[in-house]
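> Sequence first, predicted model second:
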Amino acid sequence: MTNCNCWVTCIGRDAPMADAVDKERQKEELYALDISGVEWVGAPGTSPDEERVEIAHLPGGAVAMRSSLDHDTVLRYTEAEWRAFVLGARDGEFDLK
């Protein structure tokens, strides 16, 4: 029996699983980061004592997001996830109709 090296038929079929494993690893690394010293920023014209969304830029282009009134709940996004979110927001994907 010979090993097949064709991309589409054999090697490519494992790509979705490899992508999923890589994404899971990225998220684990992202949530393992110590973010205790990051600088949180909110929208211009808002103050930290009012309810607002705050973000912090993390290594590798990742972003953390939290509410200014709940510092314990922090969502973290990879660079690709954040880019998709920002592009979707700019495109009106989240507009209420």
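Received, thanks.

> Now E28, what are its backbone angles?
phi -60, psi -40 (degrees, to the nearest 10).

> ugh, typo on my part, it should be D70
phi -140, psi 90.

> ditto for the one 5 residues further on
Main-chain dihedrals, L75, degrees, to the nearest 10: phi -100, psi 140.

> just the strands in the chain please.
Using DSSP state E, the strands of the chain run over residues 53-57, 63-67, 70-77.

> Rebuild those strands as TSV, extending it with mean pLDDT.
Listed next are those as TSV, based on pLDDT from 0 to 100:
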stretch	mean pLDDT
strand 53-57	97
strand 63-67	97
strand 70-77	95
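
> Just name the most buried of the ones you listed.
Among the strands of the chain, the stretch with the highest mean neighbour count (mean count of other CB atoms under 10 Å) is strand 63-67, at a mean of 18. The C-beta positions use only the backbone N, C-alpha and C, and glycine is treated the same way.

> now what about it, what contacts it?
With CB atoms under 8 Å, 6 or more residues apart in numbering as the test, strand 63-67 has contacts from 35, 38, 40, 51-58, 73-77, 79, 82.

> Over to stretch 33-50?
By CB under 8 Å, 6+ apart, the list of residues contacting stretch 33-50 reads 52-59, 62, 64, 66, 68, 74, 76.

> C-alpha coordinates for that stretch, CSV please?
Taking Å, rounded to 0.1, in the frame of the first residue of the first chain, the C-alpha atoms of stretch 33-50 are listed here in CSV:
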residue,chain,number,x,y,z
LEU,A,33,-2.7,35.0,29.3
ASP,A,34,-2.3,37.1,32.4
ILE,A,35,-4.2,40.3,31.6
SER,A,36,-4.0,41.9,35.0
GLY,A,37,-1.9,44.8,33.8
VAL,A,38,-3.6,45.6,30.5
GLU,A,39,-4.9,49.1,29.7
TRP,A,40,-8.7,49.1,29.3
VAL,A,41,-10.2,51.8,27.1
GLY,A,42,-13.7,52.8,26.3
ALA,A,43,-15.4,54.8,23.6
PRO,A,44,-14.2,58.4,23.4
GLY,A,45,-16.4,60.7,25.4
THR,A,46,-17.4,58.1,28.0
SER,A,47,-16.1,57.8,31.5
PRO,A,48,-15.1,54.7,33.4
ASP,A,49,-17.7,55.2,36.1
GLU,A,50,-20.6,54.8,33.6
